[in-house]
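In: take a look and give me a structure for this.
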Amino acid sequence: MARKPVKKQDYNVVVVGQSGRLGYEAILFAASLRHHSPDFAGRLLVAEPQPGPLWPNDPRIKPDVRAALESLGAEIVPFHSAHFGAAYPYGNKIELLSALPEGAPFVFFDTDTLITGELT
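Out: The predicted model follows:
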């Protein structure tokens, strides 16, 4: 019996971007995604921590970095750090979940990842 073709489902790609190194890495990630996977149909979401009591400095992406990301089709998605912040920045990966589109499938990448082929 022949199998029915599986309908391809779009999904989002998510990275954390913030002031400093992670913002610049997010640009390289976005550029590699757009170059090597030009037909990627999902959204590229850059989750951005917002200032608050858990951050001694403003963690938001600087305007020039934000402009570069947006020129590559990235959408900046703000989120608030309720538990981790600067003391444990890896916690951003957990806290960003509250800011993602509800019910939408996604894959998370670290910003120091380069896309070298088509994402399918």
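In: and the nearest residue to residue 117 once chain neighbours are set aside, how far from residue 30?
Out: Once flanking residues are discounted, residue 117 sits nearest to residue 36: 5.7 Å by Cβ to Cβ, 6 or more residues apart in numbering. The C-beta positions use only the backbone N, C-alpha and C, and glycine is treated the same way. Separation of residue 36 from residue 30 (Cβ to Cβ, to the nearest Å) stands at 11 Å.
In: more neighbours: those two, which one.
Out: Neighbours were counted for residue 36 and for residue 30 using other Cβ atoms under 10 Å; residue 30 has more, 24 against 14.
In: leaving out sequence neighbours, find the closest residue to the more buried one.
Out: Residue nearest to residue 30 in three dimensions, not counting chain neighbours: residue 72, with 4.0 Å by Cβ to Cβ, 6+ apart.
In: point to the residue nearest the middle of this structure.
Out: residue 15 (2.4 Å; Cα atoms, centre = their mean).
In: what's the per-residue pLDDT of the closest residue to residue 51 other than its chain neighbours here?
Out: For residue 51, the nearest residue in space outside its immediate sequence neighbours is residue 58; the separation is 4.9 Å by Cβ to Cβ, 6+ apart. On pLDDT, residue 58 comes in at 97.
In: just say helix, strand or coil for residue 58.
Out: Going by DSSP: H, G, I helix; E, B strand; the rest coil, the secondary structure assigned to residue 58 is coil.
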